[in-house]
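Undergrad: 3D, please:
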Amino acid sequence: MTSSSDIPGHTTRAHSFNSAAAQYAANRPSYPSALLDTIEELAGRPLAGARVADVGAGTGIATALLHARGADVIAVEPGDGMAAQFRHALPDVPIVRGDGNHLPLATASLDFLTYAQSWHWTDPVHSVPEALRVLRPGGTLALWWNTGALDVPWLAEAAQRIDRYFGESIPANTKNVNGHVVDPTGRLGLTRREVRWSRRVPVDTHLANIGSHSLFLVHGEEASTAFLAEERDHLMRAFPGGLVEEVYDVVLLLATRA
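TA: Presented below is the predicted three-dimensional model:
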């Protein structure tokens, strides 16, 4: 995973999702229950009844799972479009505007602080101390990313086509995520786990999913539409029934505040 200071147009990419929030909400994958089981196991406590903040909550995909587990969850989201989708999907869950570099949360107020698919938009120089500030002693920071399982041949071939067309592939910034990149200071003492899961979706849902990534959004509609049309032809030849099985490895990094 590349740090925020090293990515050209990082702010533009971070905010690109607001223009495609409805597409994001409708087509992005969720996360398996086994991921939340693993978080509870490593944290040594259940999410039920815990005070949780989900940062970079987006349209609420992860927040909804935390809420369903019985967590007392609040969402933090900087984007107008994403926040609007969140309020539509989860009207009973509070959401505040902010980001991981400047959390609008009280010191030592949380049992869990979560970042689903969003820590890489932060600057660890600011987000690491902010995470430690808002967590209670013994509180848990959990960061995770859905990454394409590139040992699955069709997914590896699709990633190569994206790389040839755009000069990078979607998993490029997350597949090799590790504790040093997430926390260059080494203050967090992160534990790493992977959880594999899959979902079966129509080809058009799969294409709308990958088209909602910042890589596509910042390259503009014309370039993205051209690629996705070609990709649809590839996939329909590979999956004549029109259904694809997206296979994911969720990369989880977890730390406990001393």
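Undergrad: Show me the helices in the protein, by range?
TA: Using DSSP state H, the helices of the chain run over residues 10-15, 21-27, 33-43, 61-68, 80-89, 124-134, 153-166, 179-182, 203-211, 214-217, 221-238.
Undergrad: Off-centre distance for the fourth one?
TA: So that's helix 61-68. Its chain's average C-alpha position is 13 Å from that of helix 61-68, according to Cα atoms, centre = their mean, to the nearest Å.
Undergrad: helices or strands next to that helix in the packing?
TA: Counting contacts by 3 or more Cβ pairs under 8 Å, 6 or more residues apart in numbering; DSSP states H and E, the secondary-structure elements packed against helix 61-68 are helix 33-43, strand 51-55, strand 72-76, strand 110-116. Every C-beta, even on glycine, is put in place using the N, C-alpha and C of the backbone.
Undergrad: closest to Trp144 out of the helices of the chain?
TA: For these, proximity to Trp144 was assessed by Cβ to Cβ; helix 33-43 is nearest, at 6.5 Å.
Undergrad: buried stuff in the closest one?
TA: Going by neighbour count (16 or more other Cβ atoms under 10 Å), the buried part of helix 33-43 is Leu35, Leu36, Thr38, Ile39, Glu40, Leu42, Ala43.
Undergrad: so can I have CSV of these showing pLDDT and distance to Arg161?
TA: Output for those, formatted as CSV (pLDDT from 0 to 100; distance: Cβ to Cβ, whole Å):
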residue, pLDDT, distance to Arg161
Leu35, 98, 28
Leu36, 98, 33
Thr38, 98, 32
Ile39, 98, 34
Glu40, 98, 38
Leu42, 98, 36
Ala43, 98, 39
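Undergrad: hang on, the earlier thing: so which of the helices of the chain gets nearest Gln117?
TA: For the helices of the chain, proximity to Gln117 was assessed by Cβ to Cβ; helix 61-68 is nearest, at 7.6 Å.
Undergrad: what does the closest one rub up against?
TA: Judged by Cβ atoms under 8 Å, 6 or more residues apart in numbering, the contacts made with helix 61-68 from elsewhere in the structure are 25, 28, 30-31, 33, 36, 47, 52, 54, 57, 73, 75, 86, 89-90, 93, 112, 114, 116-117.
Undergrad: So for Trp144, what's the nearest residue that isn't a sequence neighbour?
TA: Excluding the flanking residues, the one nearest Trp144 by Cβ to Cβ, 6 or more residues apart in numbering is Leu252, at 4.5 Å.
Undergrad: roughly how far apart are Trp197 and Ser33?
TA: Distance check for Trp197 against Ser33: by Cβ to Cβ, to the nearest Å, it reads 9 Å.
Undergrad: whoops, I mixed them up, Ser109
TA: Using Cβ to Cβ, Ser109 is found at 27 Å from Ser33.
Undergrad: now swap in Ala53 and tell me
TA: Relative to Ser33, and taking Cβ to Cβ, Ala53 is found at 21 Å.
Undergrad: With Arg136 instead?
TA: Counting by Cβ to Cβ - Arg136 and Ser33 are separated by 25 Å.
Undergrad: By mean pLDDT, flag the weakest helix or strand of this protein.
TA: Scoring the helices and strands of the chain by mean pLDDT, DSSP states H and E places helix 10-15 at the bottom, with a mean of 51.
Undergrad: picking up where we left off before, between the buried residues of helix 33-43, which is nearest Glu168?
TA: Of all the buried residues of helix 33-43, Leu35 has the smallest distance to Glu168: 25.9 Å, by Cβ to Cβ.
Undergrad: That closest one against Leu254, yeah?
TA: No - the pair Leu35 and Leu254 fails to qualify as a contact (Cβ atoms under 8 Å) at a distance of 10.7 Å.
Undergrad: any idea of the mean pLDDT in stretch 186-206?
TA: When the per-residue pLDDT values of stretch 186-206 are averaged, the result is 95.
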